[in-house]
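Colleague: turn this into a model:
(chains A and B)
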Amino acid sequence: KAGVTQTPRYLIKTRGQQVTLSCSPISGHRSVSWYQQTPGQGLQFLFEYFSETQRNKGNFPGRFSGRQFSNSRSEMNVSTLELGDSALYLCASKSGGPGNEQFFGPGTRLTVL
Amino acid sequence: GEDVEQSLFLSVREGDSSVINCTYTDSSSTYLYWYKQEPGAGLQLLTYIFSNMDMKQDQRLTVLLNKKDKHLSLRIADTQTGDSAIYFCAEIRNQGGKLIFGQGTELSVKP
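Modeller: Numbers count the residues shown, from 1 in each chain, chains lettered A, B, ... in the order given. Purely as a prediction, here's the structure:
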């Protein structure tokens, strides 16, 4: 099975712009979660989608949003970018197995100038 | 609080055992995980343990769980230079997809 894929791998944007990141989960996985990784704050949970519905949400401002499509692919959007949004954005898909394992993609490195 | 705590650095010699420690806060966490992150890469799931277990062994990896003290450890036997990476422990909250991560322990393996 192919792993979790994320596109694009790298992005450079300027303050005030918006950005959309894409994630394709492992085939058969219906849950997709998003995380932000920065040197200062570490790994922080953004939100989780399951069957096209947001199931969990972290403590991020409304500029961060997401959605999930019927094929389980997910996108996250950040509007009105700030310098502090520069980070590695990781997507994870979850198996339905007993271990509840989440498998991560390689991430999208976003740089805001 | 919500914090999962790990020491930040560990340095060992090739061939030695490495032990990475973690303390977590939520006694209702059902699964606890160890992830590995190499430079420029995403997170690789190494192993996990269910909260009703004390120990889990998987090849060179041994996970120990002390639920009373909310302490988790990862032992890597015969550590190799390829094991150099950042290791994260994580607990899962609310049975959903929300993982709470520690700060990560940077393991440096010297030849």
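
Colleague: tell me who's in contact with the spatially most central residue of chain A.
Modeller: In chain A, the residue lying closest to the centroid (Cα atoms, centre = their mean) is A:Trp34, at 3.2 Å. Residues near A:Trp34 by Cβ atoms under 8 Å, 6 or more residues apart in numbering or on different chains: A:23, A:45-48, A:66, A:74, A:76, A:89-92. For glycine as for every other residue, the C-beta is placed from the backbone atoms N, C-alpha and C.

Colleague: how about the residue in chain B that chain A sits nearest to, nearest residue that isn't a chain neighbour?
Modeller: Among the residues of chain B, B:Gly97 lies nearest to chain A; the distance is 3.5 Å by Cβ to the nearest Cβ. Nearest residue to B:Gly97, sequence neighbours excluded (Cβ to Cβ, 6 or more residues apart in numbering or on different chains): A:Glu48, at 3.5 Å.

Colleague: after the helix or strand where the one you found lies comes which helix or strand?
Modeller: Assigned by DSSP states H and E, A:Glu48 belongs to strand A:42-50. Following strand A:42-50 in sequence order, the next helix or strand is strand A:53-57 (DSSP H and E).

Colleague: may I have the beta-bridge partners of the residue of chain A found nearest chain B?
Modeller: In chain A, the residue that lies nearest chain B is A:Glu48 (3.5 Å; Cβ to the nearest Cβ). With DSSP bridges applied, A:Glu48 shows beta-bridge pairing to A:Ser33, A:Asn56.

Colleague: count of residues packed around it?
Modeller: 27 (other Cβ atoms under 10 Å in any protein chain shown).

Colleague: contacts only, for it.
Modeller: Taking Cβ under 8 Å, 6+ apart, we find A:Glu48 in contact with A:31-34, A:54-57, B:96-98.

Colleague: quick one: least confident of those residues?
Modeller: Among the contacts of A:Glu48, B:Gly96 carries the lowest pLDDT, at 68.

Colleague: so B:Leu72 touches B:Thr25, yeah?
Modeller: No. In this structure B:Leu72 lies outside contact range of B:Thr25 using Cβ atoms under 8 Å: 11.6 Å.

Colleague: chain A contacts on chain B?
Modeller: Within chain B, the positions near chain A by Cβ under 8 Å from any Cβ of the partner chain are B:30-31, B:33, B:35, B:41-45, B:48, B:50, B:88, B:90, B:92, B:94-104.

Colleague: mind redoing it with 6 Å?
Modeller: Within chain B, the positions adjacent to chain A are B:31, B:42-43, B:45, B:48, B:96-98, B:101, B:103 by Cβ under 6 Å from any Cβ of the partner chain.

Colleague: just the ones of those residues in strands?
Modeller: Among these, DSSP state E puts B:31, B:43, B:45, B:48, B:98, B:101 in strands.

Colleague: got these as a markdown table, with neighbour count columns?
Modeller: Formatted as a markdown table, those follow (neighbours: other Cβ atoms under 10 Å in any protein chain shown):
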| residue | neighbour count |
| --- | --- |
| B:Tyr31 | 18 |
| B:Leu43 | 27 |
| B:Leu45 | 16 |
| B:Tyr48 | 21 |
| B:Lys98 | 21 |
| B:Phe101 | 21 |
